[in-house]
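Student: Okay, here's the prediction I keep looking at, along with the sequence it came from:
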Amino acid sequence: MAKRYAILQKKLEELESDLKNVLTSETPRNTTLSESVERKFGFARSLLTAEMESHPNKPQHLNHIDQRLTELETAFRNWDNPGFSHFDHIDTASTCSCTESCLNEDFADEEEPLDVDFFVYNNLEKTILGGVVTVEEDPVTAVIDYRSDREEWKEERVTKCNGVLRRAMMFLMVLGALIAMFFSLYYNKVKMEVFLVPT
């Protein structure tokens, strides 16, 4: 349970640092960097929504993360507003005390099954069984892309196995033909020497 909150907290910190980079740069809003930040906001929001739906009692951790995410989104949306101070809403030292206490606990006893979401949330790009999953996608489409890449990998593997099997069968057929030809020639020679013709 705390692992997922730690992932959310990590994504929130990444968003804060990305947002500081975007807001401090003098580039226009229509750059690929701002689009990347927008996708990350969407991803973090969908992740937070999924966590809130899976925990209906809405723990204080999720409320704090939701509040911070809303503040960051507001700062990002008001980026072009000249009277708006961008750094008033970005406070990196603001953390929930309950989050810190939960993150410091040792959960070595708990064994949680490893899922695709773990890879999606931890790295921007991770190769899993030949497929590349990126964080900038929606988690549902990332899982679908992962599954389709995995199916393609299985098809390639089956195709390679079929090719190797066909080559092995051809080799064995040629080898069998050579052995049969050798024995037929040898049989004629042995037949003449061993079996006497009656007179």
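Tutor: Received it, and whenever you're ready, just let me know what you need.
Student: Quick check: which helices or strands does the helix or strand harbouring Ser36 pack against?
Tutor: Element membership for Ser36, per DSSP states H and E: helix 32-54. Under the contact criterion of 3 or more C-beta pairs under 8 Å, 6 or more residues apart in numbering; DSSP states H and E, helix 32-54 touches helix 2-24, helix 60-77, helix 139-194. (Glycine included, C-beta is placed from N, CA and C.)
Student: Give me the helices and strands touching the shortest one, please.
Tutor: Looking back up the chat, that one is helix 60-77. With contacts taken as 3+ C-beta pairs under 8 Å, 6+ apart, helix 60-77 sits against helix 2-24, helix 32-54, helix 97-103.
Student: Let me know the angle separating the second one from helix 139-194.
Tutor: Orientation note: helix 32-54 sits at an angle of 90 degrees relative to helix 139-194 (axes from the mean of the first three to the mean of the last three C-alpha atoms, to 10 degrees).
Student: Just the buried residues of helix 32-54, please?
Tutor: Ser34, Val37, Lys40, Phe41, Phe43, Ala44, Leu47, Leu48, Glu51, Met52 (16 or more other C-beta atoms under 10 Å).
Student: how about the residues you listed in a markdown table, adding distance to Ser17?
Tutor: Output for the buried residues of helix 32-54, formatted as a markdown table (distance: C-beta to C-beta, whole Å):
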| residue | distance to Ser17 |
| --- | --- |
| Ser34 | 15 |
| Val37 | 10 |
| Lys40 | 11 |
| Phe41 | 14 |
| Phe43 | 15 |
| Ala44 | 13 |
| Leu47 | 17 |
| Leu48 | 18 |
| Glu51 | 22 |
| Met52 | 24 |
